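>>> sequence first, then the predicted structure:
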Amino acid sequence: MSEVVEQLRHVCTLGGYESVLAIERAVPIIHAGPGCAAKIWATLGLQNGCQGTGYIGGHSIPCTDVGEKEVVFGGAKKLRNVISNSFKVMDADLYVVLTGCTSDIVGDNVPDVVKEFKNGEKSIVYAETGGFKGSNFIGHELIIDAIIDQYLKPVDKIEDKLINIWATVPYQDTFWAGNYETLRNLLSLIGVKANIIFGPGQGISALDDVPKAQYNLLISPWVGLKNVIHLKEKFGTPYVHYPTLPIGPTETGKFLRTIGNLLNIESKVVENVIKKEEDRYFYYIERAADVLLETRLLPKHFVTIADSAYTLGISKFLTNDLGLLGDRQFITDDTPKEYEKQIRESFDEGSNTFMGEITFTSDSGNIKEYLRNTKFRTKPLILGSGWDRVISKEVKGYQLSISTPISDRMVLSRSYLGYEGALRLTEDIYSAVLQDFQ
């Protein structure tokens, strides 16, 4: 076991502020030391698929730049000034105050400061996100909970067939924007209206509609589960936990049937959609069958190195739909222990073959040690991050970056979800294989 954790693939709790940036016209206000937000932005935005800054992100984020003076005398006054000035110069529909390690340790009374601004025209909430509380996956949940408690209000009427969609964590998941659009489009095919607060064209109106939904749908192994439970407790909205990202015909068909049954949508409608989408998918797969199969370019074994959502979703697609064999699946999102058993069971559920051993680790050193000491009979396909490019070359594997940090690709609206996403993933895998022949 390594004494030093190498090459982490996530950031601290404060990194949850990226989820605020994913809500249109929402602005985070950081109450932390200088450099915290900038380093997180460089990791999740700039160096992770070149995602950029969002509406008011990067170096434009308001920050108190807590220093020695605030550590000794407290930073409440400085926070008050930053909030007041942010209201004047930042045009937004929602402001979210987030604390860093220093302000949490010092014990600044952030709730009282924020309360002073509650009665004005601006909407403002706060979340205590000191980095020592865990990863930005935890920070994401803390921020959503803060919005639930401090912003959302009960409604008189529930809207039929309106479902809130909660899935991958914005910016931490390089493909988040395309994923949410894909989920919206998939559900619209069977007559479901998806309410999504993240991404283009959403913003505060989608946030206001959250209590109106008939269901909350969580598409994630564990991140966000506390949020949908919280929504049920506060607004009585039932939730559906679908742990696997729907990638490819097998899982996407199952996903659509699950939602169709949930909302009592006529089976014929759902099956017609599935048939139409599968026919198109298999047209392209069959057209390329001679390349995929007869030339034996397809790698026989694969290794995934990603968070639990992508490791689970991609592994099921590669085994159930492309017929590959799983070698080892590394889950790198610092999964809380209470969820590990459930995630292991999700790998086995509905799978036609063994996907390999499941390993939970945040240490790239352990991953490198495994790859170096394993004798692969054929070149393995290694689906990981930009961190894994060097070790993949060392063990003569095919490498594709699909998880944070993605430093060798630009990602805008790309998604691997659904039928179209599975075709894109297949293209990307074979492009990586073919590059080996150049």
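Right, received. Where do you want to start?
>>> where do the helices of the stretch 201-350 of the chain begin and end?
204-208, 225-235, 248-262, 267-287, 289, 308-320, 337-348 (DSSP state H, counting those that start in this stretch).
>>> what about stretch 155-164, start to end distance?
Here the two ends of stretch 155-164 are set 15 Å apart, with distance taken as C-alpha to C-alpha, to the nearest Å.
>>> any low-confidence regions in the stretch 101-250 of the chain?
Under the criterion pLDDT under 70, no range of the stretch 101-250 of the chain is flagged.
>>> let's go with 80 and repeat that
Scanning the stretch 101-250 of the chain for pLDDT under 80 picks out the ranges 202.
>>> pop the domain breakdown of this protein in here.
Here the domain assignment for the chain is 13-150, 162-246, 287-435, based on automatic domain parsing.
>>> and of the helices of the stretch 201-350 of the chain, who's closest to residue 358?
Comparing the helices of the stretch 201-350 of the chain by their distance to residue 358 (C-beta to C-beta), the top pick is helix 337-348, with 5.5 Å. (Each C-beta comes from the backbone N, C-alpha and C, glycine too.)
>>> any idea of the angle the closest one forms with helix 308-320?
20 degrees (axes from the mean of the first three to the mean of the last three C-alpha atoms, to 10 degrees).
>>> helix 337-348 - contacts with which helices or strands?
Secondary-structure packing of helix 337-348 (3 or more C-beta pairs under 8 Å, 6 or more residues apart in numbering; DSSP states H and E): helix 308-320, strand 357-360.
>>> least confident of the helices of the stretch 201-350 of the chain, on average?
Ranked on mean pLDDT, the bottom entry among the helices of the stretch 201-350 of the chain is helix 289, at a mean of 83.
>>> helices and strands around it, which ones?
Right, helix 289 is packed against no helix or strand by 3+ C-beta pairs under 8 Å, 6+ apart.
>>> now that helix, how far from the chain's geometric center?
For helix 289, the distance from its own C-alpha centre to the chain's C-alpha centre is 32 Å (C-alpha atoms, centre = their mean, to the nearest Å).
>>> likewise stretch 178-192?
Going by C-alpha atoms, centre = their mean, where stretch 178-192 is centred and where its chain is centred differ by 17 Å.
>>> please apply the same query to stretch 193-209.
Its chain's C-alpha centre and that of stretch 193-209 lie 16 Å apart, by C-alpha atoms, centre = their mean.
>>> quick one: contacts of that stretch?
Where contact means C-beta atoms under 8 Å, 6 or more residues apart in numbering, the residues beyond stretch 193-209 that reach it are 19, 22-26, 93-94, 123, 147, 151-152, 159, 161-165, 170, 176-177, 180-181, 183-184, 187-188, 210, 212-213.
>>> what's the answer for stretch 27-35, then?
The list of residues contacting stretch 27-35 from outside it, by C-beta under 8 Å, 6+ apart, reads 14, 17, 20-21, 36-37, 55-56, 61-67, 75, 79, 82-83, 86, 90, 92, 94-103, 108, 110.
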